[in-house]
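[1] Got a predicted structure plus its sequence, pasted below:
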Amino acid sequence: MKHTLTVAQMFSKSAWQAVLLRATLTALLLAPLTVLAENRRWLPHHTEDVLKVVTLTDGKASDLALRANGGIEHEKMIEMAEAAGMRRTLATIAAQSADLIEQIVAQVPEWAAAPRRPDHDWQTLRQRWKVE
């Protein structure tokens, strides 16, 4: 006996596949939004935890900070950062990030026409951040 599908069976099969495909595509498209929503919910709590660790008390690092950084005192960390040229490195990262953002903005017509007036010019920021 030969098995044949009726038109109704074929239609119900393809309709079911369409429903599955739609559900799968919806899940794939919404997954990043779900992750972003969770990050947005979680970030304030994480930020509070980080600030508790890095806050100085009477110029001294907390016990949590000392445990996290291997026991290096705050003054020593400042010396190490200055010796490594950390301010200059961060200024370079900031400048390159700003350049990258400008390139991205230039590629989006709605953004390219938007006015961009920074609160401070770069030279003022460099002086304020004590960057050479």
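    Structure received.
[2] what sits against the residue lying closest to residue 59 once chain neighbours are set aside?
    Of all residues not flanking residue 59 in the chain, residue 74 sits nearest, at 6.9 Å (C-beta to C-beta, 6 or more residues apart in numbering). (Glycine included, C-beta is placed from N, CA and C.) By C-beta atoms under 8 Å, 6 or more residues apart in numbering, the residues touching residue 74 are 56, 59-61, 65.
[3] Just the buried ones among those residues, please.
    Among the contacts of residue 74, those classed as buried by 16 or more other C-beta atoms under 10 Å are 61, 65.
[4] Any chance of the contacts of residue 74 in JSON lines with secondary structure and distance to residue 23 as columns?
    Output for those, formatted as JSON lines (DSSP: H, G, I helix; E, B strand; the rest coil; distance: C-beta to C-beta, whole Å):
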{"residue": "56", "secondary structure": "coil", "distance to residue 23": "52"}
{"residue": "59", "secondary structure": "coil", "distance to residue 23": "58"}
{"residue": "60", "secondary structure": "strand", "distance to residue 23": "56"}
{"residue": "61", "secondary structure": "coil", "distance to residue 23": "51"}
{"residue": "65", "secondary structure": "helix", "distance to residue 23": "47"}
